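[1] show me the folded form of this:
(one chain, ligands or ions: 2)
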Amino acid sequence: MSEKRKFNSIKRIVVKVGTSSVAHPTGKLNLFQIESLVRQLADLHNQGQEVLLVTSGAIGTGVGRLGLTARPKTIPGKQAAAAVGQGILMHIYEKFFSEYGVTSGQVLLTREDFSDRRRFLNARNALHAMLQYGVIPVINENDTVAVDEIKLGENDTLSALVASLVDAELLILLSDIEGLYTADPRKDPGARLIPEVKEIDNEIEALAGGAGSKMGTGGMTTKIQAAKIAAHSGVYTVLAHSGEKDIIRRIAAGEQVGTVFWPLANKLENKKQWIAYSSAVCGKILVDEGAATALARQGKSLLPSGITGLEGAFEMGNTVIITGPDGKEIGRGITNYSSAEINLIKGAQTRDIARVLGYKDYDEVVHRNNLVLDL
Ligand SMILES: Nc1ncnc2c1ncn2[C@@H]1O[C@H](COP(=O)(O)OP(=O)(O)O)[C@@H](O)[C@H]1O
Ligand SMILES: N[C@@H](CCC(=O)OP(=O)(O)O)C(=O)O
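    Ligands and ions are numbered 1, 2, ... in the order given. Predicted structure coming up:
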């Protein structure tokens with residue numbers, strides 16, 4: 001028996017709609033669907049809930065308006081399509097929200113708005129201010145300026161990062177599928193819907209296949225990753241079909257539709273959420289067995305004596321991955337020393353740091369307060 005979902009006391013909700021939900025396969029907007037989504041969001045807003053919308057569809061809509069037969073392969077082609085499509089998309093959202101008496105505002109984010117701590121805090125302040133003014137933020141990746149190498153590229157991850165950024169309690173991922181199935185139902189007619197996921201383990205991750213249509217990009221893999229980020233941030237995720245009648249209203253009322261992913265009982269504190277999922281990884285520190293055990297099992301900080309090597313060039317304050325002798329990630333954290341400094345002090349005792357470097361700002365290379373394990 002699945003437990004009753006107690007969503008009625010939830011104050012802040014992030015809703016994500018995929019390309020397949022806002023655009024027809026022709027690349028033209030699915031106006032019926034968009035209007036229905038907007039009506040439900042406006043109604044939640046009228047009930048006093050704070051709602052943020054993350055919407056895909058800029059590139060798909062641009063492709064339709066430009067009369068192209070497929071998504072452009074080149075970066076400038078995608079950027080141009082997004083510039084055209086984002087305007088059309090926002091125009092329609094603004095029109096429908098206004099008709100329902102609600103003010104919306106466009107927010108276009110890039111990966112750096114998450115990875116750079118100052119920009120991250122700026123984005124958080126801007127979104128909180130919008131919510132305070134009673135505005136529904138309509139969010140997408142800034143596809144026209146973000147080139148592929150630095151892009152998130154799909155909005156499942158973006159929506160989970162937004163949910164973590166604003167401390168939402170519920171993330172609703174709306175797609176062209178009823179929820180998570182035991183296999184991709186487009187390929188396996190015997191696949192069964194999984195109504196509830198308490199913990200996203202390897203078995204759950206292995207169920208995910210790629211995108212279901214030529215419009216979608218991430219498929220189920222990125223939705224499960226998004227649910228994982230949300231779970232670590234203390235946020236429920238519900239995955240459901242955007243075309244089902246009154247789907248948002250029903251989910252928010254706690255009805256058992258789609259697949260619900262439960263948040264972890266021990267959510268990461270805000271700074272650790274940022275280290276784990278938003279900050280840019282700048283290098284790797286390799287540690288020996290003793291250090292691996294001390295970090296993973298004894299809650300210790302990383303000292304220079306356990307470090308055997310490193311990869312990449314990084315500065316103090318950057319995020320680094322820490323790997324054990326088997327090459328597997330133990331965790332990631334913010335380093336107190338640069339790669340050049342660590343090269344000099346690796347393997348040394350803490351008392352020798354000052355002698356080797358000529359100064360000692362910290363005993364620990366990565367302090368446990370800035371370290372996230374078990375991702
Ligand atoms: N285990 C699974 N359960 C459900 N859907 C799956 C699974 N594996 C792969 N998929 C596919 O994921 C698709 C949804 O992802 P995607 O096409 O990226 O949609 P969106 O544009 O809404 O983000 C579904 O249509 C389905 O074909
Ligand atoms: N930012 C992109 C989203 C890319 C995309 O297709 O995402 P999704 O449909 O959610 O898998 C856009 O607006 O086209």
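[2] so what touches the longest helix anywhere in the chain?
    For the chain, the longest helix by residue count, based on DSSP state H, is helix 75-99. Identification of contacts with helix 75-99 by Cβ atoms under 8 Å, 6 or more residues apart in numbering yields 22, 29, 31, 34-35, 38-39, 41-42, 53, 55, 57-66, 68, 71-72, 103-104, 106, 108, 136, 138, 140, 143-145, 147-148. Glycine gets a C-beta too; all of them are placed from N, C-alpha and C.
[3] buried residues in it?
    Neighbour-count burial for helix 75-99 flags 77-82, 84-86, 88-90, 92-94, 96-97 (criterion: 16 or more other Cβ atoms under 10 Å).
[4] in the stretch 151-300 of the chain, which spans are helices?
    Under the criterion DSSP state H, counting those that start in this stretch, helices of the stretch 151-300 of the chain are mapped to 155-165, 202-206, 219-232, 247-252, 270-273, 289-298.
[5] most tightly packed of the ones you listed?
    A comparison of the helices of the stretch 151-300 of the chain by mean neighbour count, using mean count of other Cβ atoms under 10 Å, puts helix 155-165 on top with a mean of 27.
[6] ok and that one relative to helix 219-232, angle-wise?
    Going by axes from the mean of the first three to the mean of the last three Cα atoms, to 10 degrees, helix 155-165 is angled at 10 degrees with respect to helix 219-232.
[7] so which elements touch helix 155-165?
    Helices and strands touching helix 155-165, as assessed by 3 or more Cβ pairs under 8 Å, 6 or more residues apart in numbering; DSSP states H and E, comprise strand 12-17, strand 50-55, helix 117-132, strand 135-141, strand 170-175, helix 219-232.
[8] mean pLDDT for these - can I get that in a markdown table?
    Converted to a markdown table, those look like this (pLDDT from 0 to 100):
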| stretch | mean pLDDT |
| --- | --- |
| strand 12-17 | 98 |
| strand 50-55 | 98 |
| helix 117-132 | 95 |
| strand 135-141 | 97 |
| strand 170-175 | 96 |
| helix 219-232 | 93 |
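[9] would you mark the buried spots in the following helix or strand past the longest helix of the chain?
    Counting by DSSP states H and E, the next helix or strand C-terminal to helix 75-99 is strand 103-109. Across strand 103-109, burial judged by 16+ other Cβ under 10 Å covers 104-105, 107-109.
[10] could you give the average pLDDT over strand 103-109?
    The average pLDDT within strand 103-109 is 97.
[11] extract the C-alpha trace of it and format it as PDB.
    C-alpha atoms of strand 103-109 as PDB (Å, rounded to 0.1, in the frame of the first residue of the first chain):
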ATOM      1  CA  THR A 103       1.600  38.300 -13.400                       C
ATOM      2  CA  SER A 104       4.500  36.200 -14.900                       C
ATOM      3  CA  GLY A 105       8.100  37.000 -15.500                       C
ATOM      4  CA  GLN A 106      10.700  35.400 -17.700                       C
ATOM      5  CA  VAL A 107      13.900  34.100 -16.200                       C
ATOM      6  CA  LEU A 108      16.600  32.600 -18.400                       C
ATOM      7  CA  LEU A 109      19.400  30.800 -16.600                       C
END
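[12] and it, anywhere near ligand 2?
    No: Strand 103-109 is not in contact with ligand 2 by Cβ under 6 Å from any ligand atom; minimum separation 9.2 Å.
[13] output the contacting helices and strands for that strand.
    Strand 103-109 is packed against helix 75-99, helix 117-132, strand 135-141, with contacts defined by 3+ Cβ pairs under 8 Å, 6+ apart.
[14] list the buried residues for the second one?
    Of the residues in helix 117-132, 117, 120, 123-124, 127, 130-131 count as buried by neighbour count, 16+ other Cβ under 10 Å.
[15] could I get these as CSV with distance to K11?
    Formatted as CSV, these follow (distance: Cβ to Cβ, whole Å):
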residue, distance to K11
R117, 26
F120, 22
A123, 20
R124, 16
L127, 14
M130, 15
L131, 10
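[16] and of the helices of the stretch 151-300 of the chain, who's closest to ligand 1?
    Among the helices of the stretch 151-300 of the chain, the nearest to ligand 1 by Cβ to the nearest ligand atom is helix 219-232 (3.6 Å).
[17] and the pLDDT at G210?
    pLDDT, G210: 57.
[18] check the offset of stretch 224-235 from the chain's centre.
    Counting by Cα atoms, centre = their mean, to the nearest Å, stretch 224-235 is centred 8 Å from the centre of its parent chain.
[19] so who does the residue in the stretch 251-375 of the chain that ligand 2 sits nearest to touch?
    Proximity of the stretch 251-375 of the chain to ligand 2 (Cβ to the nearest ligand atom) peaks at G258, 16.1 Å away. Contact analysis of G258 by Cβ under 8 Å, 6+ apart lists 178-179, 195, 238-241, 247, 251.
[20] sorry, back to before: reformat the helices of the stretch 151-300 of the chain into CSV and put distance to V14 next to each item.
    Output for those, formatted as CSV (distance: least, Cβ to Cβ, whole Å):
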stretch, distance to V14
helix 155-165, 4
helix 202-206, 21
helix 219-232, 9
helix 247-252, 11
helix 270-273, 14
helix 289-298, 32
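[21] could you dump the ones you listed into JSON lines with distance to ligand 1 added?
    Shown next, in JSON lines, are the helices of the stretch 151-300 of the chain (distance: least, Cβ to the nearest ligand atom, whole Å):
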{"stretch": "helix 155-165", "distance to ligand 1": "6"}
{"stretch": "helix 202-206", "distance to ligand 1": "9"}
{"stretch": "helix 219-232", "distance to ligand 1": "4"}
{"stretch": "helix 247-252", "distance to ligand 1": "13"}
{"stretch": "helix 270-273", "distance to ligand 1": "23"}
{"stretch": "helix 289-298", "distance to ligand 1": "31"}
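[22] who in this protein is up against ligand 2?
    Listed as neighbours of ligand 2 in the chain under the rule Cβ under 6 Å from any ligand atom: 18-19, 56-60, 140-141, 143, 154-155, 216-218.
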